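Peer 1: Pasting the sequence and the predicted coordinates here, then a few questions.
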Amino acid sequence: MAALFTCCLGCCGDGGSGHIPLKEMPIVQLDTHHMGTDVVIVKSGRRICGTGGCLANAPLHQNKSYFEFKIQSTGVWGIGVATQKVNLNQVPMGRDTNSLVLRHDGSVYHNNEEKNRLPANSLPQEGDIVGFTYDHVELNIYLNGKNMHCPASGIRGTVYPVVYVDDSAILDCQFSDFYHPAPHGFEKILFEQQIF
């Protein structure tokens, strides 16, 4: 019996407390290792200001992702998806094959081509929440929880949420605990190890 007890203590590896440390899951936020040189990230990786762009720290691996941004202060800005090859110092984005973005004027650009446009009476304003769904084919845009029926596609490869700012724009990202419920079938961005 003593041998069994000793074996159990030895198998636990920590002197017998039976405690296995859990690895804390990373939080999706703006990635300070993938941002433009004149970008400022504050509020624990949730707010962008300055000039330039920034990728999120998690790619969109799952089939249906949803994320939101709140327009804190207007100016020149853009939000969408991009590969890691995107030039984060170039504003506006959407000029090449590495980004697909909604711009502050309501246009959606990819490869220097306007792919779609928000209705003229639905341009995001200060205080608005702009939501995005992505299913590896289409990027769809939501304004204050309402589908704008403004799909765009064309980007290929592994993509990340991207945001750029200029001319005093300030935006806050929301990768979980959304202001508006995610559309049916879509969910927050998951790190790859959370998917399996």
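Peer 2: Yep, that arrived.
Peer 1: ranges for the helices of the chain?
Peer 2: Using DSSP state H, the helices of the chain run over residues 2-12, 192-195.
Peer 1: Could you identify which of those helices has the lowest mean pLDDT?
Peer 2: When these are compared on mean pLDDT, helix 2-12 scores lowest, with a mean of 46.
Peer 1: Report the central residue of this protein.
Peer 2: The C-alpha lying nearest the average C-alpha coordinate of the chain belongs to P161 (Cα atoms, centre = their mean; 3.5 Å).
Peer 1: For D96, see how far away that residue is.
Peer 2: 18 Å (Cβ to Cβ, to the nearest Å). Quick note: C-beta positions are derived from backbone N, CA and C, even for glycine.
Peer 1: Quick check: bridge partners of the closest residue to G154 other than its chain neighbours?
Peer 2: Ranked by Cβ to Cβ, 6 or more residues apart in numbering and with sequence neighbours excluded, the top spatial neighbour of G154 is H110, at 4.6 Å. In this structure, H110 has the following beta-bridge partners (DSSP bridges): L100, E113.
Peer 1: For the remainder of this discussion, apply numbering that starts at 9.
Peer 2: Let's use 9 as the start, then, which means that last one is H118.
Peer 1: H118: what's it in contact with?
Peer 2: Residues touching H118, when contacts are defined by Cβ atoms under 8 Å, 6 or more residues apart in numbering, comprise G102, T105, S107, L108, V109, A160, S161, G162, I163.
Peer 1: buried subset of these?
Peer 2: Neighbour-count burial within the contacts of H118 applies to G102, T105, S107, L108, V109, A160, S161, I163; the criterion is 16 or more other Cβ atoms under 10 Å.
Peer 1: Pick out whichever of those sits closest to S52.
Peer 2: Closest to S52 out of the buried ones among the contacts of H118 is V109 (23.9 Å), distances taken as Cβ to Cβ.
Peer 1: The closest one contacts V116, doesn't it?
Peer 2: Yes - counting by Cβ atoms under 8 Å, a contact exists between V109 and V116, whose distance comes to 7.0 Å.
Peer 1: Mutual contacts of those two, please.
Peer 2: Any residue near both V109 and V116 by Cβ under 8 Å, 6+ apart counts here, and that gives G88, G102.
Peer 1: Turn the buried ones among the contacts of H118 into CSV, including distance to G53 and pLDDT.
Peer 2: Converted to CSV, these look like this (distance: Cβ to Cβ, whole Å; pLDDT from 0 to 100):
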residue, distance to G53, pLDDT
G102, 24, 98
T105, 27, 98
S107, 20, 98
L108, 22, 98
V109, 20, 98
A160, 26, 98
S161, 28, 97
I163, 23, 97
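Peer 1: Look up how far K196 lies from the residue nearest to G162.
Peer 2: Taking Cβ to Cβ as the measure, H118 falls 24 Å from K196.
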